[in-house]
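> pasted the sequence and its predicted model underneath.
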Amino acid sequence: MEQATARSVFVTGGNRGIGLATARRFAAAGDRVTVTYRGEEPPPEAAELLAVRCDVTDSQQVDRAFKEAEAAHGPVTVLVANAGTTQDRLLVRMTEEDFTSVVDTNLTGAFRVARRAVRGMLGAGHGRIVLISSTAALHGAAGQTNYAASKAGLVGFARSLTHELGPRDITCNVVAPGLTETDMSRALTEEQRGNLLRRTPAGRLARPEEVADAVAFLVGAGYVRGAVLPVDGGAGLGH
Ligand code: NDP
């Protein structure tokens, strides 16, 4: 559906996977969309997106990326904090670097972009923030103490920010995808995928576009605040 007024949308990690599908969905609705990437730019068929290089572990790069987006599209009023990474290992083998690097990208990275975005949203008097978490935040997963902790942290972050924002027209919500068809899930073994699918009533992985549907819903739903929306084919039965 075409938007009445084009919004300035900012999606981190929007060069592939869930971020790319989400960015393209907003662009198809008529929004002006900036995506960040570190390595590879988005594919040529996504030429409608403004691509800016940004590593979310670096506040200066975050600030520069926002400045580029603002110069091209105006103040960012929709932020999707999607950039994420894994470094799976059982706790007994996990190094401190394995733990802190995942938290630095997934949780502190979301803090860096949300803090930068909220400044502009307060000025604009309007804003929508969606943080991409994971069902691992809700159920845990062996080998993912670092990842699950970082993704669970996003829930407390979103709910605390919701209190801070109070009655303003700025919302912060969380989407918690289950296993989704992207490079991240392709790294799993057949056995890991099989185990996860056995616990998923839908009997298949999510498509990135189906996660984008949930993000778009939350951006449109101004009275939904501090919510966690699972997109998991029924694996958690709503939790
Ligand atoms: P991909 O591995 O396909 O994409 C990850 C994205 O995050 C890439 O765009 C990558 O950029 C970016 N990224 C990683 N680290 C950084 C960083 N330090 N700074 C900036 N960008 C970074 O994964 P998905 O699309 O599957 O994942 C998207 C989000 O969804 C993640 O937060 C993930 O945790 C979450 N998720 C995914 C699930 C799945 O099954 N796929 C399930 C549940 C949640 P680059 O290409 O430059 O490396």
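All right, it came through fine. Numbers count the residues shown, from 1 in each chain.
> list the helices and strands the helix or strand of the chain with the lowest mean pLDDT packs on?
Taking mean pLDDT, DSSP states H and E as the measure, the chain has helix 190-198 as its least confident helix or strand, at a mean of 85. For helix 190-198, not one helix or strand is in contact under the criterion 3 or more CB pairs under 8 Å, 6 or more residues apart in numbering; DSSP states H and E. The way it works is simple: take the backbone N, C-alpha and C, and place the C-beta from them, glycine included.
> what comes up buried for that helix?
By neighbour count, and taking 16 or more other CB atoms under 10 Å as the criterion, the buried residues in helix 190-198 are Gln192, Leu196, Leu197.
> what comes into contact with the longest helix anywhere in the chain?
When every helix of the chain is counted residue by residue (DSSP state H), the longest turns out to be helix 145-165. Outside helix 145-165, the residues within contact range by CB atoms under 8 Å, 6 or more residues apart in numbering are 81, 84, 86-88, 91, 94, 98-99, 102-103, 105-107, 110-111, 114, 118, 129, 131, 133-134, 136-138, 140-141, 171-174, 176, 225-226, 228.
> now find how far off-centre that helix is within its chain.
12 Å (CA atoms, centre = their mean, to the nearest Å).
> near the ligand, which of the contacts of helix 145-165 show up?
Subset of these in contact with the ligand: Gly84, Thr105, Ser134, counting by CB under 6 Å from any ligand atom.
> mind listing what the residue most central in space within the chain touches?
Closest residue to the average C-alpha location of the chain: Asn82 at 2.3 Å, with CA atoms, centre = their mean. Asn82 sits next to Val11, Thr12, Gly13, Gly14, Ile18, Gly19, Thr22, Ile132 when contact means CB under 8 Å, 6+ apart.
> switch to 10 Å and redo it
Contact partners of Asn82, counting by CB atoms under 10 Å, 6 or more residues apart in numbering, are 11-14, 17-23, 35-36, 56, 109-110, 113, 130-132, 175, 211-212, 215.
> and if you look at Phe111?
Under the criterion of CB under 10 Å, 6+ apart, the contact partners of Phe111 comprise Val56, Ser59, Val62, Ala81, Asp104, Leu131, Gly153, Leu154, Phe157, Leu161.
> make a ChimeraX selection of the buried ones in those.
Typed into ChimeraX, the next command selects the buried ones out of the contacts of Phe111 (criterion: 16+ other CB under 10 Å):
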select :56,62,81,104,131,153,154,157,161
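> where does the prediction get shaky in this structure?
Flagging of the chain using pLDDT under 70 yields the residue ranges 1-4.
> let me see the ranges of the strands in it.
With DSSP state E as the criterion, the chain has strands at 8-11, 32-37, 50-53, 78-81, 127-132, 170-177, 228-231.
> and the least confident helix or strand of the chain, how far out from the chain middle?
When distances are taken as CA atoms, centre = their mean, helix 190-198 is centred 24 Å away from the chain's centroid.
> same deal with stretch 102-121?
Distance, stretch centre to chain centre, for stretch 102-121: 11 Å (CA atoms, centre = their mean).
> in the sheet, which residues pair with the closest residue to Ala72 other than its chain neighbours? Tell me.
If the residues on either side of it in the chain are set aside, Ala72 comes closest to Leu50, at 5.4 Å by CB to CB, 6 or more residues apart in numbering. Beta-bridge pairing of Leu50 under DSSP bridges involves Thr34.
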